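Trainee: After the sequence you'll find the predicted model.
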Amino acid sequence: MKRIYLTILLCLLTTALARAATNDWQQLTPQQQKALSPLAQQWNSFDITQQKRLLAVAKRYQQLKPVEQQRVQQRLSAWSKLTPSQREAARAKYQAFNKVPEEKKQAVKAMVKQEQANKH
């Protein structure tokens, strides 16, 4: 019986610690909320790892020029509209792209810029 109580207590503590480790949107500073505003509706559903990555973005956000801040906002907005499977696919592409040699990365970037220019 003692073992059951200990197991239940351990489960409750683990759950409480997991909740405490996450940052509720309301606990973020106004600067963090401004930087991460496109993700406000989804913030509390992100796991702690995702939140930490995004908080690092928010930390750098204040030092960016207004044009760069706008680009961050646009990218976060686009990211917020992706489904979880689309996000996973984007992460996989990003990881694969980082393994490509630098000269090939530059060629791909130039090709993407050209395609974007042709769309406008």
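Mentor: Looks like it arrived, so ask away.
Trainee: For the closest residue to Q73 other than its chain neighbours, which residues are in contact?
Mentor: Among residues not flanking Q73 along the chain, P38 sits closest, at 6.1 Å (Cβ to Cβ, 6 or more residues apart in numbering). For the C-beta atoms, the positions are set from N, CA and C on the backbone; glycine is no exception. Neighbouring residues of P38 by Cβ atoms under 8 Å, 6 or more residues apart in numbering: Q73, L76, S77, W79, S80.
Trainee: Can you tell me which of those end up in helices?
Mentor: Mapping those onto helices (DSSP state H) picks out Q73, L76, S77, W79, S80.
Trainee: could you redo these as a markdown table and give each row pLDDT and neighbour count?
Mentor: Formatted as a markdown table, these follow (pLDDT from 0 to 100; neighbours: other Cβ atoms under 10 Å):
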| residue | pLDDT | neighbour count |
| --- | --- | --- |
| Q73 | 95 | 16 |
| L76 | 94 | 19 |
| S77 | 95 | 12 |
| W79 | 92 | 15 |
| S80 | 92 | 16 |
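Trainee: Out of those residues, which is nearest to N44?
Mentor: S80 (13.2 Å; Cβ to Cβ).
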